[in-house]
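> Could you work out the structure for the sequence below:
(one chain, ligands or ions: 1)
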Amino acid sequence: WFKRPSVKHVKGPPSASFWLGHEGVLRGQDNAGDLEMKWCREYGTVYRIAGCLGQSVLVVCDPKALEHVFHPSRPYPKSKDTLFLIDLIIGKGLVTVDNDNHHRQRKILNPAFPSAQLRKYQVIFQQCSDKLVNDIQRSLTGSDDTVNAVDWTGKVSLDIIGLASFRYDFRALDGQESELERAMKHLFTASQVNTTASELIFIALIRMLPYWVLWFLRLISTREIRLLASSGNVAKKVAREVMVRNNEVQVSDGDRDIVNVLGQNIARARSEGKMQDDEVEAQLMTFVVAGHETSSTSMAWILYELAVHPEYQSIIRAELKQSNDYDSMPFLNAAIKETLRIHPMAPSLTRTAPHDDVLPLSEGKTLAIPKGQTLFCSVYLYNRLPCLWGDDAEEWNPARFFDKTLPGSLGVYANLMTFSSGSRSCIGWRFAVMQLQTVLANLLLHFEFSLPEGGVEIQHFPGSPGVVPVVKGKAHLGSQIPLRVGVLH
Ligand code: HEM
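Numbering: from 1, shown residues only. You can find the predicted model right below:
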């Protein structure tokens, strides 16, 4: 007499197009997240939208359902289109491998990421921050000093990830624009501005077709495939150079930085077959791609929010004058958390149900879903749920993190889904937070940030897999957060 609700009972907005479903309007919106938020208000924390070619897609931000999907003991796999596109840039590294291969690679790399190990990178974070401060100071003329914050944060995070993860100096802060920096710049906007219907349908096909067909799809030259593959080739070239150089670098047993962990593995791999050379190469590319733009964009967003809320700049400066221990500075850390909450780099994580399943939902409800069901797990919506974050969830208000009653168990950092959750969560989240703390502290001690004359409207450009900050009407110029910079005396 009782039938469990299933996907076909789930409500959602009507779709006007069999070919594009809602994917066209989602990609075409000015500000990623606006439509998702509108539908969430109308239909709740799990709703159904149409994918291309009549696919049914569930958009999920219900905390209980996300806990289930990302649970370490039964994580839902990433969808094929996500894996296919990222694989074009970085190959079979930690982000793209699945199941046993993922478990094996993660076990090898985990020892390079505990706090004690990462603290050794503090010297690199500080040296690069000092260089950044000097470079910015030299570049300012004293009149209208408006800079694109993303240019500077991009340089510092590229140098940091190169030096810390494989002892390679990109020298971006020395004014050198490396081939890799050029290739990565605007990659996600250039490949996705004005996405056409056929490009969207192509990606939907990747999601639907069996793996053996996907190999042939690589031969089809769409704009996105071309750009991703050519950036992948540059990244591969850099990784080869690094491998050759690091074969000459001493690999020691005591220190477990990323180079040592990988270096010891190359040696062991040859005898035990644990990790192959092309996998090591893929890890190097993985760290640059996964750790560079994510950190750089998040850093620029924090500067933007601090420019909008200058009172927080003064409060954080006062904290910085009283202590050297970044972890003990409540406002610095709250500003970082709040910005990562409002501006997550990956606003949605696509997952596929591995088998027929029952999703637990809040308030004791459940939902039956079939094997193969596509889920857009919305980080953007989860991070803005009023039931978790309060009625002002859409506003930037760091003070919310001082509220001890904030509920939460999901996400590896501050109950946010920004670094994801469970066994596929971001391995570099502590690295990212320490880097953000150090660079921001140094910038705030030397400069005052404000909005450009007349203000500026920054939008979340709906790229895939990450959103890109763009100036309204100027998405074709790529990632931009213009800010005025004044020197503090
Ligand atoms: C603010 C900065 C960062 C953000 C917002 C971020 C976000 C994320 C997210 C959401 C995922 C999960 C992706 C998915 O499931 O599809 C992820 C995975 C990953 N991130 Fe980060 N990340 C950041 C910085 C870094 C840094 C600095 C590194 C390297 C040092 C890094 C390395 C990785 C790797 C290797 C994975 C794959 C982990 C796995 O599948 O086991 N990330 N990151």
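> OK, contacts around the closest residue to the ligand within the stretch 301-450 of the chain?
Of all residues in the stretch 301-450 of the chain, residue 428 sits closest to the ligand, at 2.3 Å by CB to the nearest ligand atom. (Each C-beta comes from the backbone N, C-alpha and C, glycine too.) Residue 428 sits next to 113, 287, 290-291 when contact means CB atoms under 8 Å, 6 or more residues apart in numbering.
> Tell me the confidence at it?
pLDDT for residue 428: 95.
> gap between it and residue 69?
Residue 428 is 22 Å from residue 69, where distance means CB to CB, to the nearest Å.
> One more: residue 12?
18 Å.
> and the ligand, which of the contacts of residue 428 contact it?
For the ligand, the contacts drawn from the contacts of residue 428 by CB under 6 Å from any ligand atom are 287, 290-291.
> how about the residues of this protein near the ligand?
78, 94-95, 106, 165, 286-287, 290-291, 294-295, 298, 345-346, 349, 418-420, 424, 426-428, 431-432.
> let's go with 5 Å and repeat that
Contact residues (CB under 5 Å from any ligand atom) of the chain with the ligand: 94-95, 287, 290-291, 294-295, 298, 345-346, 349, 419-420, 424, 426-428, 431-432.
> List the ones among these that fall in strands.
Among the residues of the chain next to the ligand, the members found in strands (DSSP state E) are residue 349.
> Out of the residues of the chain next to the ligand, name the ones that lie in helices.
Among the residues of the chain next to the ligand, the members falling in helices (DSSP state H) are 287, 290-291, 294-295, 298, 431-432.
> coming back round to it: where neighbours are concerned, which of the contacts of residue 428 has the most?
For the contacts of residue 428, the largest number of neighbours (other CB atoms under 10 Å) sits with residue 287, at 26 neighbours.
> Roughly how far does the closest residue in space to that residue that isn't next to it in sequence sit from residue 258?
In this structure, residue 287 finds its nearest non-sequential neighbour in residue 165, 4.3 Å apart by CB to CB, 6 or more residues apart in numbering. Distance of residue 165 to residue 258, computed by CB to CB: 4 Å.
> Identify the contacts common to the two.
residue 287.
> ends of stretch 102-117, how far apart?
By CA to CA, to the nearest Å, the extent of stretch 102-117 from end to end equals 22 Å.
> pLDDT averaged over that stretch, what's the number?
Per-residue scores along stretch 102-117 average to 88.
> List the buried residues in that stretch.
102, 105, 108-109, 112-113, 117 (16 or more other CB atoms under 10 Å).
> Let me know the closest of these to the ligand.
Using CB to the nearest ligand atom, residue 102 is the member of the buried residues of stretch 102-117 that lies nearest the ligand, at 6.1 Å.
> Is that closest one in a helix, a strand, or coil?
Classification of residue 102 using DSSP: H, G, I helix; E, B strand; the rest coil returns helix.
> How about it, nearest residue that isn't a chain neighbour?
Of all residues not flanking residue 102 in the chain, residue 94 sits nearest, at 7.0 Å (CB to CB, 6+ apart).
> so that neighbour sits right up against residue 107, yeah?
No - the pair residue 94 / residue 107 is not scored as a contact, 10.7 Å apart, by CB atoms under 8 Å.
> Quick one: low-confidence residue ranges for the stretch 1-150 of the chain.
1-3 (pLDDT under 70).
> now the strands: where do they sit in it?
46-50, 56-60, 146-148 (DSSP state E, counting those that start in this stretch).
> would you turn these into TSV with mean neighbour count and distance to residue 320?
Putting the strands of the stretch 1-150 of the chain into TSV (neighbours: other CB atoms under 10 Å; distance: least, CB to CB, whole Å) gives the following:
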stretch	mean neighbour count	distance to residue 320
strand 46-50	22	43
strand 56-60	23	40
strand 146-148	17	22
